[in-house]
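Trainee: model this:
(chains A, B and C)
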Amino acid sequence: MPSLLATVLKRLGWASVVLAGLSILIFSLVRIMPGDPARLALGPTAPEEVVERYRERMHYNEPLPVQYYFWLRQVLHGDFGMSTVTKRGVSQDLAEFMPATLELVIWAGIPPLFFALLLGVLGAMYKNRWPDYVIRFSSYIIIATPTFVWAVLFLLIFGYWLPVLPSIGGRLSMGLAVPTVTGLMVLDALIAGQPAAAWDAFAHLLLPSLALSLGHTMQEARLTRSYMLENAGKDYITMVTSQGVPRDVVNRKFLLRPSIIPTVSIMGLDIAAIFGNAFLVETIFNWPGMSRYAMNAILGKDINAVCGVVMVLGVIFIMTNLLVDVIVMILDPRMRQSRSK
Amino acid sequence: MDESWKETLKRSWLKYSESKITVLGLAIVAGFVFLALFGERLVPYPEHIGSFVDFANAGGAPSGAHPFGTDLIGRDVLSRIVGSFRNTLLMGVIVLCISAPVGFMVGVIAGYNKGKLIDTILMRLTDIFLAIPPLVLALAIASVLEPNMTNSMLAITVMWWPWYARLSYGVASSLRTENYIIYAELTGVRLPHIIFREILPNCLSAMLTKMTLDMGYVIIMGATLSYAGLGEQAPKPALGSMISQGVKYMPEQWWLTVFPAIAIIVLILGFNLFGDGISNMLGTDES
Amino acid sequence: MRGMGEGEILLDIKDFSVSFDVYGKKSHVLDGITFRVRAGERVGLVGESGCGKTTTLKAILRVLPKNAVIGGGSVLFGGRDVFGMARPELDDMRRRGAGMIFQDPSSALNPVFSVKSQFLTALRYANPPGTPKERLYEIAAEALDSVMLPDPHRIMDSFPYQLSGGMKQRVCIAMTIAAGRRLLLADEPGTSLDVTIQDQILRLINKLVSEKGLSVVMVSHSVGVIRESTNYVNIMYAGTVVESGATDDVFGNPMHPYTTALMSCVPKLTGGSIAQGIPGRVPDYMNTPAGCRFAPRCPRAKGACHERKPPHAEAAPGHYVSCHFASEAV
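Mentor: Now for the predicted structure:
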């Protein structure tokens, strides 16, 4: 598929443009924050000469474009500078906190998609019969519930009233330890040959990832259902039916694929929303991910850390979208042509 | 004329009420609007909406006098929930009424000049805004600014307009080559006329549908920022901040979280159903 | 006796009615359609857009939309009632009996599957079980060749978006004739395409029909097309057959006022201009006239027309008209 490769390369080039724009946006946003970054970094008691020297060293006295140049040069070397809150390298902090967030987002993003497709297909198959009504009715309520409300309700119900699942205890129960390979706890436990630890890590993931995914799952299910029903009336389905292809073959082969494409193609946006919501869900479940770090950075006006977090999220988001696009291109040949936009 | 207007209204209602559940949505929305307008006068303890303290009744469980219980300083939770509706609804309306026209203008200008430099600049800018997880952008903006309701609305508006830009871009770039637009250009009609008289009517129903469908999401986003402490500040009530305060006192004082949570769910449910109804009525797909 | 030829009766539609459930109301689209197709015959259905032509074709293959309700009458294919057929019999009719060519080839091919994938799946069920895949591929390639598509192998590997409208329509025709079906149901073939392409498609269908001795039901809103390519015609108005007979008889001596009006619209007979050609519009199917459905637009309508439905009566040998005043028209 040479056209597929060409499209991917083109997208990668485009992604770098977006990232450059994003970096400018974030950089200017952070620099217009009120307050003197050098003073904030060194604290109120530092002598003025030291602060001035720091300003000099960090190029804070130069015009903004020059500051941006120095900052970008650093970033391209993987160095986001020092965090004024943790007094460590931002990259080091990100490497420590990011895997926990990533694991949460992966569990909240990918397995639920399959449930969503299943529910959507069921809803369409049993249109206006009880399974459809149950799915539709529950989807209205589930979609209307904000993610942080799910998290709070889960904490109340499963954390306090019916404490059957771990709710506020990080990623693993006390006394368990798993050597870090990928940073994804369940995977690492399996690699280390500790199924019990893997199960424990999964149990810890369950409530926060469920809180993150419920709304999206039902939304994706609704979308799948409505496309299944819409496409079922299309000529290309009538055509194969009228030629005597059995109904289950028509549904399984010719109806399913075009109907799931729109759902799959919004996955990139869903993942972005899950990342955003993860900030709150992590706080509620005391999940040792990026959120506390980022929140502290935001509240403490820790410029380097804020830039680092947003840039890394931007990169992850763009990569996710690229991956989603590739999957869509595999499912839908029309997308393989390089689009003009 | 009068007759046909009635006819249109009747048909619109038939289409809107095609699915009975959207009628429920309309009822919920109407109820919330009513409470937002007059709720402050109807609640049992109007003074509890502000900075009122009554330690004698602090942390009381739901009872006859306080059906939803009282908070840590003795304020009636029911009154505070109802008292938060006005700002919650205002937030949705204001955010959408700013981001939709801004997005429309950006999209129309880019789409109308498709292929030119201005198109590239505007739409790439739009893409950049869309490249940041929305809540993260809103959190970053809201944190740079003073935490209050106005700034949280600003933060949400900044992340919301690109969607409208995309929508009107699609319409404008496809209409650009239509004969009636070309004809208008040839006869020397000025650009504002083309934009507002020729292009706007063609995206109006899609924009209105999107706006009603977005109401619930904007309210969710506002509540989320408020939960993070970046929205309406104390002593004024906001559903998000009420829940985040209540979380600290779970599970004993569960009513501090559960009732505001239910209020949010019902509110958003109402707007989502209402949006579905409007989209049925105006005949555009919800996607 | 109706129909001209003496061949075996392939398709026999008798007093067939269909309505659609729309928002809980009934839309009476087909009202007592009657016509026959004998082996080797070319039958035309002509009328304005929205008069129920496509619904008639879909009914023959029992692929009506889900909200369709059969109001009465029957559709017999090879003497068997299509709506009474058991699954295997219905499958057999669809696979080897009759096949439909859709109006818009772009919507008739699945956009996300290759031509090969769609073609071979259809052929797999139309051929004896266990037919090797290579054989199916050969049949498909031959069919593509017979509809005069160059380089069948490349076409097989293509996706619909890579083909032009005319090519897609040819692919659809190839899929319909490949399995040896005896009756083609052509729904305004090529109307959505360029006029020259449309002409080529019509010629192709006519050629295939005469070469393979197929029967065809040709649907069109164009009197010209029907005149050229059929030997028997049914004029449809608002879900009823208003006039039928040998093509030359009907157009040479039109007896129904609607036929006359339709012919006076030639040559600019397209969906848009016909409304100008004949005053008024096709009636609201939710609220059909009690008498003749054409009465509200008919220049000669009298009291009886608004009260009673005219019978489809033989006004001249082999020439049937549904009009209370058919004789006056002559």
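Trainee: Is there proximity between the helix or strand encompassing residue B:159 and chain A?
Mentor: Using DSSP states H and E, residue B:159 maps to helix B:149-175. No: residues of helix B:149-175 contacting chain A under CB under 8 Å from any CB of the partner chain: none, with a closest distance of 9.3 Å. No exception for glycine: its C-beta is placed from N, CA and C like everyone else's.
Trainee: Which of the residues in that helix are classified as buried?
Mentor: Within helix B:149-175, the residues that qualify as buried by neighbour count (16 or more other CB atoms under 10 Å in any protein chain shown) are B:149, B:151-169, B:171-173, B:175.
Trainee: next structured bit after that helix?
Mentor: helix B:179-186.
Trainee: Isn't residue C:181 up against residue C:100?
Mentor: No: using CB atoms under 8 Å, residue C:181 and residue C:100 do not qualify as a contacting pair, with a distance of 9.7 Å.
Trainee: Between those two, tell me which one has more neighbours.
Mentor: residue C:100 (28 against 23; other CB atoms under 10 Å in any protein chain shown).
Trainee: Could you look up the SS state of that one?
Mentor: Three-state secondary structure (criterion: DSSP: H, G, I helix; E, B strand; the rest coil) places residue C:100 in strand.
Trainee: Could you find the closest non-adjacent residue to residue A:185?
Mentor: Here the nearest residue to residue A:185 in space, its sequence neighbours aside, is residue A:201; by CB to CB, 6 or more residues apart in numbering or on different chains that works out to 4.0 Å.
Trainee: In contact with the one you found, which residues are there?
Mentor: Residues touching residue A:201, when contacts are defined by CB atoms under 8 Å, 6 or more residues apart in numbering or on different chains, comprise A:171-172, A:178, A:185-186, A:189.
Trainee: per-residue confidence at residue B:69?
Mentor: At residue B:69, the pLDDT value in this model is 89.
Trainee: quick one: it and residue B:249 touch, right?
Mentor: No: the criterion here is CB under 8 Å, and residue B:69 misses it with residue B:249 at 10.8 Å.
Trainee: Which residues are in contact with each of the two?
Mentor: Contact with both residue B:69 and residue B:249 is made by residues B:59, B:256, according to CB under 8 Å, 6+ apart.
Trainee: So between the two, which is more surrounded?
Mentor: Set residue B:69 next to residue B:249 and count neighbours by other CB under 10 Å: residue B:69 wins out with 20 against 15.
Trainee: Which residues of the stretch 151-300 of chain A lie near chain B?
Mentor: The stretch 151-300 of chain A has residues A:152-153, A:155-156, A:159-161, A:223, A:226, A:262, A:272-273, A:275-277, A:279-280, A:284, A:294-295, A:298-299 near chain B, with proximity defined as CB under 8 Å from any CB.
Trainee: The same query, at a cut-off of 7 Å, please.
Mentor: Applying the criterion CB under 7 Å from any CB of the partner chain, the portion of the stretch 151-300 of chain A that neighbours chain B consists of A:152-153, A:155-156, A:160-161, A:223, A:262, A:272-273, A:275-277, A:279-280, A:284, A:298-299.
Trainee: hey, which helix or strand in the chain has the poorest pLDDT?
Mentor: Picking chain A for this. Scoring the helices and strands of chain A by mean pLDDT, DSSP states H and E places helix A:37-42 at the bottom, with a mean of 74.
Trainee: To clarify, I was referring to chain C.
Mentor: Ranking chain C's helices and strands by mean pLDDT, DSSP H and E puts helix C:271-277 last, a mean of 47.
Trainee: Okay, buried residues for the helix or strand just after it please.
Mentor: Next in sequence after helix C:271-277, counting helices and strands by DSSP H and E, comes helix C:303-307. For helix C:303-307, the buried set under the neighbour-count rule, 16+ other CB under 10 Å, comprises residue C:305.
Trainee: Can you name the residues in contact with the next helix or strand after helix C:303-307?
Mentor: Once the chain leaves helix C:303-307, the next helix or strand it forms, by DSSP H and E, is strand C:313-316. For strand C:313-316, contacts defined as CB atoms under 7 Å, 6 or more residues apart in numbering or on different chains pick out C:255, C:320-321, C:326-327.
Trainee: Swap in 8 Å and give it another go.
Mentor: Contacts with strand C:313-316, where a contact means CB under 8 Å, 6+ apart, come from C:245, C:249, C:253, C:255, C:320-322, C:326-327.
Trainee: which of those come close to chain A?
Mentor: Near chain A, judged by CB under 8 Å from any CB, there are no entries from these.
Trainee: Sort out which of those are buried, if you could.
Mentor: By the neighbour-count criterion of 16+ other CB under 10 Å, the contacts of strand C:313-316 include these buried positions: C:245, C:249, C:255, C:320-322, C:326.
Trainee: Pick out the lowest-pLDDT one from the residues you listed.
Mentor: Confidence by pLDDT is poorest for residue C:326 among those, given 73.
Trainee: contacting residues for that one?
Mentor: Listed by CB under 8 Å, 6+ apart, the contact partners of residue C:326 are C:255-256, C:310, C:313, C:315.
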